[in-house]
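Engineer: The following comprises the amino acid sequence and a computationally predicted model.
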Amino acid sequence: MKTFLAVFTGSQASFERAGWAALAPEERQRREAEGMAAWGAWMEQHAGILAFEGGPLGKTKSVDKTGISDISNDLAGFVVVRAESQDAAAKLFEGHPHFMIFPGKSVEIMEITPIPGQ
């Protein structure tokens, strides 16, 4: 089995396309509850292949040779899974609540490869 990082992405544009800002508070709470229940069910269904549960991501800082700055990106959360291949890992996220119920943009899956020379 290989290990894969799955990164949940979202953007202001995906949030707006989904119409979340225009929802009545009661409808938004209903959808959030539905989404969290579906997400929990997904996690439970895939518990055997979860290498790390991950979680939501907060605000981002960037560090480079000029210093530290606040930035914005599309990263919303992550989970680490085990699968036979990248395609198999990707299939785990088809129809995921992140973009089927919540206004998420996508889930990006990449293999965590060994550090060269180790």
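Structural biologist: Thanks, I have it.

Engineer: which helices and strands does the helix or strand harbouring Met36 pack with?
Structural biologist: Element membership of Met36, judged by DSSP states H and E, is helix 25-45. Applying 3 or more C-beta pairs under 8 Å, 6 or more residues apart in numbering; DSSP states H and E, one finds that helix 25-45 contacts helix 97-100. Glycine gets a C-beta too; all of them are placed from N, C-alpha and C.

Engineer: Which residues belonging to the helix it packs on are considered buried?
Structural biologist: Pro97, His98, Phe99 (16 or more other C-beta atoms under 10 Å).

Engineer: Just checking: what are the partner strands of the following helix or strand past it?
Structural biologist: Next helix or strand after helix 97-100 toward the C-terminus (DSSP H and E): strand 106-111. Counting by DSSP bridges, the strands paired with strand 106-111 are strand 2-9 (antiparallel).

Engineer: List the contacts of the partner strand.
Structural biologist: By C-beta atoms under 8 Å, 6 or more residues apart in numbering, the residues outside strand 2-9 that reach it are 51, 54, 74-86, 89, 92-93, 98, 104-112.

Engineer: the bottom helix or strand of the chain by mean pLDDT?
Structural biologist: Taking mean pLDDT, DSSP states H and E as the measure, the helix or strand of the chain with the lowest value is helix 12-17, at a mean of 87.

Engineer: Any buried residues in that helix, and which?
Structural biologist: Ser14.

Engineer: for it, the distance to its chain's centre please.
Structural biologist: 16 Å (C-alpha atoms, centre = their mean, to the nearest Å).

Engineer: sorry, back to before: CSV please, covering the buried residues of helix 97-100 and showing pLDDT and distance to Ser62.
Structural biologist: Output for these, formatted as CSV (pLDDT from 0 to 100; distance: C-beta to C-beta, whole Å):
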residue, pLDDT, distance to Ser62
Pro97, 95, 29
His98, 95, 24
Phe99, 93, 26
